[in-house]
Structures are given as structure tokens and as C-alpha cells.
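Participant: Can you look at this prediction? I've put the sequence above it.
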Amino acid sequence: MTRILGIDLGTTNSCVAVLDEKGQPKTLAAPDGERTTPSWVAWAPNQEVTVGTRARRQAVTNASATVHGAKRLIGRKVNADDVAHFAKLAPFRIVAAPNGDAWVRIHGQPVSPQEVAAHILRQLRSIAESALGEPVTRAVVTVPAYFDDAQRQATRDAGMIAGLDVVRILNEPTAAALAYGAHRTGAGRRIIAVFDLGGGTFDISIMSVENGIFEVLATGGDSALGGEDWDRAMLERIVDDVFDQYRVDLTQVPMALSRLREACEQAKKTLSVDRETTLQLPFLANDQHGAPINYERTITRDEVEQLTKGLLERVTAPCERALADAGLDASDIEEVLLVGGMTRWPAVQDRVEQIFAKKPSKGANPDEVVALGAAAYAGILAGEADDAALLDVTPHDIGIKVGDTGFSVIIPRNSMLPVRARKLFATSATDQKFVSIELYQGESSDVTKNRKLGQVVLDDLPAGPPGSVRVELVITVDVESIVGVTAKELKSGKETSITIRPSGGLSQREIVEIINRRRNEHSVANYLPSDGGNVVRVTTREQAAVKPPRDDS
Ligand code: AMP
């Protein structure tokens, strides 16, 4: 039987797992023994690519060609607020692709985040193939529950570029709940919270589990909050210390900063167990007289807690909002599952206990639990493990543009999937030839602040006075959060043509080009999509005549 990998493609770290012979999920270690791979990719001037720890280590000398956090860019527009914020801080250049997507520029060449992610996926695939001693071509890949369809599709495209058939995109909290065995405990409907604080992002999901059915009831979080912020707070403190003692500004010494960042992260990990540790950094930099600074300092957990009080504060509001969105309060939550390395920090665990008024579960390794859940789900798909159905919700409002800037919601956020909604339109002009409907998703009543999904143009309308021709719009979102759109002219009942103009993503041609560049690595022709492989998928379930998406890149 061919194996299906479970892959957690993370913002800071990624992880791969499979089911073992006994049907238990297990993570697979790289040859260096590490079970997680930093989601870092670097290009040498000769275009040689390195991935993972090696890429992160060389970042200080090759910052502009070392990409991390590509997950923040995948399937996103360059002008999105948080992308622009990330671009300001990133040491590599983030540029606009011709269609407005956020790409990176490496040694003068534009590279899509899908391609960056594909390098990580290829590395994970190779770790799995070495560990298993056999080729693997299929995977379940996890994404945050709030990823929209463009981000999900872009993640699939990354898999395809890496020679992987992504058989399912799975929500991370669902994967975590599966790994914790939340579906096996007790009878009846249980409400759980999945609290995921990783290196760069914070996600909270409220889920229900009943008879092996998982349902994401609400999601929330802070995409700019994670363990790296704790490291940075410590680093800034040390930079100030060094300046006070030696009048040397370490922010101007990249090599020292990089060493300091690693030392702070390590100290933070130690302090999650011990109350005190020593930072030792010999030859950190030179003082004003050229003498080496051999930096040594004791740091306590209390001190770090003081420095990071404001960061901890920021986890509360998203939890409260997610509970409110789910129509629940903390006392309804039966269990809180911890995900993400930063949940090992005691103050984070205390805060979780305070928010939900119960001790969180710590039974699983928070760095690996999402990959383990993905492997468990892969086992379900392959028929190797017990059955469990998965129900999810739409992470954002989906609706249409009204007037210049209005947004009319058709499918509200947190609607259970699959979902189908219908809206009727009437023509507003005499002999109107066509209607053009622009689809958006997001939470703002100002449509320009939301994300455009695509445009449906229904033409060849019959002639008649205003209001005489009625058009039915049907929007569906399937269990994988893929959006389908159908428009139908009701008076004649005739089949009509629909044009979807994708607003971004890689076109099939671009994917083929990237794959061809790497043809000597793996042949992946079998995995090319039969449709346009583009952002908005249109199902044929509504019997619409669907033109393939226009390749507008
Ligand atoms: P993840 O994205 O889930 O891999 O989480 C990575 C984050 O977890 C990084 O910021 C790590 O520094 C942090 N982390 C990992 N282990 C620990 C630990 N023992 N104590 C505190 N933070 C940790």
C-alpha cells in the first residue's frame, strides 16, 4: 500500500509524519535526528538551494537570499495589510507578481512563495523517503483554519511543484484534535479549544467533536504573535545592556545579533523548565577599543515574564472573540489542547488556564501534534485507520460588492461546510446585456479592505425593461473550503455561460514552468490539475457551463 504523508507546513517549523505498522502516527526524523525542520530556504549566489537548519544558520551572511515565513505570503496579495507589515521587517525583498500576488526577489529573480514552500515540502518528502526506504508521492497537508481558498489552493500548488499529490488540505486545529484523540474520549458532544502558539503566529479554534465528527465552530488569533516575539523582547534587553556597559550598538553587528537571537531562544526554552539560566556569549563583538566583549549574564524566568507581559496579554482577546463567535463561554469548553512550541512556556499555560478556567491538556508534543494528526487523517483516507468525519466552517464572510465600496455578505463567517447560498438579482437598465458580480471574502463592510475572490460575468441576457430579467447567484463552499460560483438567468431558464476571473495564484503554465525547471529531480506530470488549477474553483454540480479560468498572469 502506498503511504500518505501527514505534513505540517508551518510558519517557523515544519514536520512530517506517517502511520507506523501498528497504525500509530509517528513523526520522521531528518538524518541529523531533528523531527522538525525550520521553514527556511536559502539560495547561494550559484542558485544552490538549502533548506531547514542549514538555511537558518547561514542567514546572517546571506539575509537577502534567505526566506522564512513564506507561509505568511502564500496565496496573498502584496498590498494586504499584514503582508505589507511583514515586508517592512523581512530582510529579504517582497515584490508584487504581475497579478499583485506577494512574491520574493532572490538574486534579482522573482520567486513565488509556492516555490519556496515547495522546497520545504520536497525536503520533508526526502526525509520521509529516507526514513521509509520507499518513494512517497501523496500527502495530507495542514493549513490554519482561517486560510482562504486562495491560500489553500496555493498550498496545493506548492505540493504539486514538490512532486506531491496533496490528497487533502486539513485544518491544523482539526489535525491537532485528531492527534490528541479528542474523538475517542467520552460519549456525546464535546466542545474543545485548540490553543496554538507557534514561532510566529497565534491561532485559537473552538471545535465540537461528536461521534467521530469534528466541527470547527469558530477561529481567531493574531498572525503577528509568536515565540519569536518573546525572543526579540529578550534580545532587545540584552542589546540595551551591552550598550549601557560597552557603548556598542549590537544592532549594527549582524553576526552578533544572530548569535544573540539563538542564545535568547535557547535561554527561553531552558527557562520554561528552570527559573534561572546564564547567557554566555564569548567574543560577541568588539568594544570601542577593539577588545573582545565576552558577554555573560544571568537571566531569570521572572525577568522574561516581566519583559513579555504585553505579549501574553494579546492572547486573551482573540480567545474571547472566538468563544463569542461560537456562541459559547469558557465554562462550555470541556478540554483545551495545547499546540505550538511556545505553549511550553509556563506563563502561557497559566494564562490559558485563566481564560478557560481549566488546566490545558499537555499529553502531546506540541511541536509535532499537527503532523501526527495529519498522518492519522491520511490513515483514515487510506482506509488504514478508524473512521472519522471532519466538518469545518468558512473562516471569513463571503459576499459580493455592492455599489463602489459596499459589501453584502452572502455566506457568513463560521458557516458549517459544505454550504450553499443563493441570491437573486434583477437587471437595473433597459435591455441590459450582462451582469457582473464581484465576489469578496473578509470581515469589513468596506469591500476594498476585503479579499477579491473572483468575478462572475453573466452575458447574453434577454432584452427587457429594468427588473424584468432575474439572475440567480449560487455560491457553494465545499468541505475543503473551495468556493464555487454559479449564475443563472431565471426567465428563459437557459444555460448561460459563466466566466471566473481568478484574482491571483499561480497559473497552470507557471506551475509547469517551475516543475520543468526541476524536471531532473522528480517527474510530477501525473499531478497536473485537469482544470485551470487556479484560485477560484467552480464546481459543475450546479450544471453551469463553465469556461476554464483565464490565464491572466
Ligand atoms: P512551532 O512553530 O510550533 O514549531 O513553535 C516554535 C516556537 O516555540 C519557537 O518560538 C520556539 O522558541 C518555541 N519553543 C519551543 N520549545 C520551547 C520551550 N521548551 N519553551 C518555550 N518555547 C519553546
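Facilitator: Structure's in. What do you need? Numbers count the residues shown, from 1 in each chain.

Participant: any low-confidence regions in this structure?
Facilitator: 1-2, 186, 384-393, 479-481, 493-511, 514-515, 517-553 (pLDDT under 70).

Participant: domains of it?
Facilitator: 227-310, 398-502 (automatic domain parsing).

Participant: now for these, which one comes closest to the ligand?
Facilitator: Ranking the domains of the chain by proximity to the ligand (CB to the nearest ligand atom) places domain 227-310 first, at 2.0 Å. (C-beta placed from N, C-alpha, C; glycine too.)

Participant: Report the distance from the closest one to the chain centre.
Facilitator: Remark: domain 227-310 is offset 30 Å from the chain centroid, using CA atoms, centre = their mean, to the nearest Å.

Participant: close to the ligand, is that domain?
Facilitator: Yes - Domain 227-310 reaches the ligand (CB under 6 Å from any ligand atom) through Gly227, Glu228, Glu265, Lys268, Lys269, Ser272.

Participant: In PyMOL, select just the buried ones from those residues.
Facilitator: Buried residues within the residues of domain 227-310 next to the ligand, by 16 or more other CB atoms under 10 Å, are selected in PyMOL with:
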select buried, resi 227+228+265+268+272
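
Participant: now, which of the residues of domain 227-310 next to the ligand lie within helices?
Facilitator: Using DSSP state H, the members of the residues of domain 227-310 next to the ligand that fall in helices are Gly227, Glu228, Glu265, Lys268, Lys269.

Participant: What sits closest to the last one if chain neighbours are left out?
Facilitator: Using CB to CB, 6 or more residues apart in numbering and skipping residues adjacent in sequence, the residue nearest Lys269 is Arg344, 7.5 Å away.

Participant: So which bits of this protein are right by the ligand?
Facilitator: 10, 12-13, 36, 198-199, 226-228, 265, 268-269, 272, 340-342, 344-345, 367.

Participant: Would you mind extracting the C-alpha trace of whichever strand or helix holds Val41 into PDB?
Facilitator: If you go by DSSP states H and E, Val41 is part of strand 40-43. Provided in PDB are the C-alpha atoms of strand 40-43 (Å, rounded to 0.1, in the frame of the first residue of the first chain):
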ATOM      1  CA  TRP A  40      13.700  28.500   6.000                       C
ATOM      2  CA  VAL A  41      15.000  28.300   2.400                       C
ATOM      3  CA  ALA A  42      18.200  29.900   1.200                       C
ATOM      4  CA  TRP A  43      19.700  30.500  -2.300                       C
END
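
Participant: Now tell me what touches it from outside.
Facilitator: Contact with strand 40-43 is made by 49-56, 58-59, 62, 65-68, 70, 106-107, 116, 119-120, as judged by CB atoms under 8 Å, 6 or more residues apart in numbering.

Participant: how about a cut-off of 7 Å?
Facilitator: Strand 40-43 is contacted from outside by 49-52, 55-56, 58-59, 62, 65-68, 106-107, 116, 119-120, using CB atoms under 7 Å, 6 or more residues apart in numbering.

Participant: Just the ones of these in helices?
Facilitator: Per DSSP H, the subset of those in helices is Ala55, Arg56, Val116, His119, Ile120.

Participant: Contact partners for the first one?
Facilitator: What that stands for is Ala55. Trp40, Val41, Ala42, Thr66.

Participant: now do 8 Å
Facilitator: So Ala55 contacts Pro38, Trp40, Val41, Ala42, Thr66 (CB under 8 Å, 6+ apart).

Participant: out of these, who's nearest the ligand?
Facilitator: Pro38 (8.6 Å).

Participant: can I assume that closest one is in contact with Gly10?
Facilitator: No - Pro38 lies out of contact with Gly10 (CB atoms under 8 Å); the separation is 9.1 Å.

Participant: More neighbours: these two, which one.
Facilitator: Ranked by neighbour count (other CB atoms under 10 Å), Pro38 and Gly10 place Gly10 first, with 27 against 21.

Participant: Let me see the backbone angles for that one.
Facilitator: phi -90, psi 170 (degrees, to the nearest 10).

Participant: quick one, what contacts the nearest residue to it once chain neighbours are set aside?
Facilitator: In space, and not counting its chain neighbours, Gly10 is closest to Ser39: 5.6 Å by CB to CB, 6+ apart. Residues in contact with Ser39 (CB under 8 Å, 6+ apart) are Leu9, Gly10, Thr11, Thr12, Asn13, Ser14, His68, Gly69, Ala70, Lys71, Ile120.

Participant: I'd like to know how many residues surround the fourth one.
Facilitator: By the measure other CB under 10 Å, the count of residues near Thr12 is 23.
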